[in-house]
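Engineer: I would like to see how this sequence folds:
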Amino acid sequence: EDAKYFAEKRGWKFIIEAPIIRKGRDDDAQYQDVFLPQAVAGAIKREGHKCDQWYRDAAGASHYFRPLKYHGDGTVRQHGPEREAAVAKDAESYYKLR
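Structural biologist: Numbers count the residues shown, from 1 in each chain. Sure thing, here's the model as predicted:
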């Protein structure tokens, strides 16, 4: 109403379109559903927290990897003061005892 009045007052030509009404989710979506694929959420419901989604061969080790260059012809060099240093080998994995 206010926008229509404003445009008429200024003498502007305008078209009023019906608002787009989007259907919302009705499956009790949680914040985690933004990041967690529905297939994984289903596996967690079926198998509990022991599902294979979070299994790692080398537990306790870093899973960092150097990304490839833009053209895929090598790895990106490390940033910082020692960026020309050789890439260190992967650390030995271990299990934390608590």
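Engineer: can you tell me how far the closest residue to Gly74 other than its chain neighbours is from Glu84?
Structural biologist: Leaving aside its sequence neighbours, Gly74 sits nearest to Leu68 (Cβ to Cβ, 6 or more residues apart in numbering; 7.1 Å). Using the backbone N, CA and C atoms, a C-beta is placed for each residue, glycine as well. Between Leu68 and Glu84 the computed distance is 19 Å (Cβ to Cβ, to the nearest Å).
Engineer: picking up where we left off before, so the residue nearest to Gly74 sits right up against Arg77, yeah?
Structural biologist: No - here Leu68 does not reach Arg77: they are 11.9 Å apart, not a contact under Cβ atoms under 8 Å.
Engineer: any idea how far Glu8 lies from Arg77?
Structural biologist: 63 Å.
Engineer: in the chain, which segments are predicted with low confidence?
Structural biologist: Low-confidence segments of the chain (pLDDT under 70): 25, 32, 56-66, 90-91, 93-98.
Engineer: recalculate using a threshold of 80.
Structural biologist: Residue ranges of the chain with pLDDT under 80: 24-38, 49-70, 72, 74-98.
Engineer: buried ones in stretch 39-52, by neighbour count?
Structural biologist: Ile44 (16 or more other Cβ atoms under 10 Å).
Engineer: residue closest to the middle of the chain?
Structural biologist: For the chain, the residue nearest the mean C-alpha position is Phe35 (5.5 Å; Cα atoms, centre = their mean).
Engineer: can you tell me what sits against the helix or strand hosting Tyr5?
Structural biologist: For Tyr5, the host element (DSSP states H and E) is helix 2-10. With contact meaning Cβ atoms under 8 Å, 6 or more residues apart in numbering, helix 2-10 is reached by Phe14, Ile16.
Engineer: next structured bit after it?
Structural biologist: Next along from helix 2-10, by DSSP H and E: helix 38-47.
Engineer: just how off-centre is that next one within its chain?
Structural biologist: 18 Å (Cα atoms, centre = their mean, to the nearest Å).
Engineer: show me the contact partners of it.
Structural biologist: Gln32, Asp33, Cys51, Asp52, Gln53.
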